[in-house]
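Colleague: Whatever this is, show me its structure:
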Amino acid sequence: MSLMGIDIGTTGCKAGLFSEEGRLLALAYREYPTLHRKPGWAELDSLQVITLIKESIAEAAACAAEDPVTALCVSAMGEAMTPVSESGDILGPAILSSDVRGGEYAGQLAGEMGQGPFYDINPNILAANYSLPKLLWLRDHETGLFDRVWKFLLWTDLVSFLFGGESGTSYSHANRTLLFDLKKEDWSDTLLGWADISRERLARVAPAGTITGTVAGRLAEELGLTRDTKIVLGGHDQCCNALGAGIIAGGKAICGIGTIECITPVFDHIPCYDAMRDARLSIEHHVLPDLYMSFIYNQSGVLLKWFRDVFATADQRLLPPDADIYDTLMREMPEGPTGMLVLPHFEPTGAPDYLPDSAGVIAGLHTDTPRGSILKAVIEGASFYFCESLQALQHVHADTSEFIATGGAAKSDALLQIKADIFGAPFVRLKNTECGAAGAAMLAGLAMGTYDSPDQAVAGFVERDRVFEPDSRNHERYQDLLGRYRRLYPSLRELLAEMSRDRVSGNGNTTG
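Modeller: Residues are numbered from 1 along each chain as shown. Here you go, the predicted model:
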């Protein structure tokens, strides 16, 4: 028998087929575009994404003829919600966290309730990134759509519902909406009342690992699954990443490097609210009981995708089908630090800054600057974003002496070495870097009783491959460059905010 983990990200989805012993049998991937109908907007065509999820499942399941899938489980991006009807019709797109809409409602909540009292219920820093501001924007700007919606579903909820199960959402995922009470482990009546949103319009909250149903018969045949395939409630992708990386106790941190890069420390208790709030850090449930996590995140893989599409369009057409364009481009990168600076604010930033009105910057260009140097500077800048926050994590007693690297980009030796050199800490690559899919499959196995404990699941799924130690000379040079990086945004803050406002209002260049 086999288990399937489905990882739904901002720019693509993966279906991983795993044996009960933890061996990856098949991995299918589909990429989808981010829609920008207006400057500053960022959406997914949910119907298209569901179609591609089904394609990836069918491709992976085709390798399971001798090992039928007993259960599937979803790891998914955090905040994007899809409006659906009771009959299962998708009524509109999913608005992504990087979308600028809704900031005024986060500000209104902060003004009326206060960040402190709000944090005591839902320990997040108020910003436009989350689900609630998007829902309130829809209520006031697309009232006809809002009123027709039966439920607004996160991606774990949506897949479960459309595949034949209940529309359940896990604690980790519910937390990303700003409507969840972390300590009560349920939707907050206080926050729902403030927003005037009925809990009936949201999925039922349940622990990750809950069985929500069985894949519907006709769909099971379409996907190459059996009619007995169970649907298991997954969770927020970074939480599933932690399980897939073997982080099942407090004291370690992972660095998930996908479309978004996220540094995630794990705690075996609820950290001190005051200290975490002062550091502008969130608190969220792990997908395992009695464990908690925090997140520092920002753009990463999406910047590499931008670089690929802007600087290497012709190269992609010329490469053989089995070649990786990123490997080709990274071979052009110079040795050592570039000396350039990239401000990774191409979209609104994530935690802890939550900047809605900045823009990306590439500083230090010359006529002899090759594209390999620009690519490496992009990777360096994306890493510099996290450096100050690492110090904040140390103040709340999070262990940042080593990072487990997960995600597709963790396969790159060059990228992990850059990060080790900048952070001054080892980066560990596992033999299976697709930890979101693996964590979801492990949850499926735990729900089905395949494993007696998380430790037993980890023993089969998780194996170290290589450790990337920091180069002390490069680290010292990066420390000097980091000092310049810290001066870059403050010196340009007002200009970048003005340019960002012009772009959103249509008074500036709206094409980039």
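Colleague: Every contact and neighbour count from this point should use C-alpha atoms.
Modeller: Will do.
Colleague: Dihedrals phi and psi, the closest residue to residue 12 other than its chain neighbours?
Modeller: Spatial nearest neighbour of residue 12, chain neighbours left out: residue 31 (4.1 Å); criterion: CA to CA, 6 or more residues apart in numbering. As for residue 31, its main-chain torsions (degrees, to the nearest 10) stand at phi -100, psi 150.
Colleague: Pull the contacting residues for residue 31.
Modeller: Going by CA atoms under 8 Å, 6 or more residues apart in numbering, residue 31 touches 11, 12, 13.
Colleague: Which PyMOL command selects the buried ones in those residues?
Modeller: A single PyMOL command selects the buried members of the contacts of residue 31 (16 or more other CA atoms under 10 Å):
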select buried, resi 11+12+13
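Colleague: Narrow the contacts of residue 31 to those in strands?
Modeller: 12, 13 (DSSP state E).
Colleague: and of the contacts of residue 31, the nearest to residue 218?
Modeller: Nearest to residue 218 out of the contacts of residue 31 is residue 13 (CA to CA; 22.3 Å).
Colleague: Which helix runs longest in the chain?
Modeller: helix 472-505 (DSSP state H).
Colleague: buried sites along that helix?
Modeller: For helix 472-505, using 16+ other CA under 10 Å, the buried residues are 474-475, 477-479, 481-482, 485, 488-489, 496-497, 499-501, 503-504.
Colleague: try stretch 1-9
Modeller: 2, 3, 4, 5, 6, 7, 8, 9.
Colleague: Identify all contacting residues around it.
Modeller: Contact with stretch 1-9 is made by 13-20, 53, 57, 64, 66-77, 155, 237, 259, 436-442, 444-445, as judged by CA under 8 Å, 6+ apart.
Colleague: Residue 6 looks like it's in a helix, true?
Modeller: No - Residue 6: not assigned to a helix; according to DSSP: H, G, I helix; E, B strand; the rest coil it is strand.
Colleague: Centre of the chain to the lowest-mean-pLDDT helix or strand in the chain, how far?
Modeller: When each helix and strand of the chain is scored by mean pLDDT, DSSP states H and E, helix 387-395 comes last, with a mean of 81. From the chain centre to the centre of helix 387-395 is a distance of 20 Å (CA atoms, centre = their mean, to the nearest Å).
Colleague: C-terminal to that helix, what's the next element?
Modeller: Next along the chain after helix 387-395, taking DSSP states H and E as the criterion, comes strand 403-406.
Colleague: which SS state does the residue nearest to residue 226 when sequence neighbours are not counted fall under?
Modeller: Among residues not flanking residue 226 along the chain, residue 220 sits closest, at 5.8 Å (CA to CA, 6+ apart). Secondary structure for residue 220, judged by three-state DSSP, is helix.
Colleague: contacting residues around residue 155?
Modeller: So residue 155 contacts 8, 76, 77, 80, 81, 82 (CA under 8 Å, 6+ apart).
Colleague: buried residues in the helix or strand where residue 137 lies?
Modeller: Per DSSP H and E: residue 137 is located in helix 131-141. For helix 131-141, burial by neighbour count (16+ other CA under 10 Å) applies to 131, 132, 133, 134, 135, 136, 137, 138.
Colleague: And stretch 391-411, by the same measure?
Modeller: 392-393, 398-400, 402-411.
Colleague: returning to what we had before: I figured the residue nearest to residue 226 hits residue 230, correct?
Modeller: No - at 10.4 Å, residue 220 does not count as touching residue 230 under the criterion of CA atoms under 8 Å.
Colleague: more crowded one of those two?
Modeller: The residue with more neighbours, out of residue 220 and residue 230, is residue 230; 26 against 18, by other CA atoms under 10 Å.
Colleague: wait, what's in contact with the spatially most central residue of the chain?
Modeller: The chain has residue 77 as the residue nearest its centroid, 4.6 Å off, counting by CA atoms, centre = their mean. Residues near residue 77 by CA under 8 Å, 6+ apart: 8, 9, 10, 155, 236, 237.
Colleague: at 6 Å instead, please
Modeller: 9, 236, 237 (CA atoms under 6 Å, 6 or more residues apart in numbering).
Colleague: Dump those residues into TSV; add pLDDT, secondary structure and distance to residue 363 as well.
Modeller: Conversion of the contacts of residue 77 to TSV gives the following (pLDDT from 0 to 100; DSSP: H, G, I helix; E, B strand; the rest coil; distance: CA to CA, whole Å):
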residue	pLDDT	secondary structure	distance to residue 363
9	92	coil	30
236	95	strand	35
237	92	helix	33
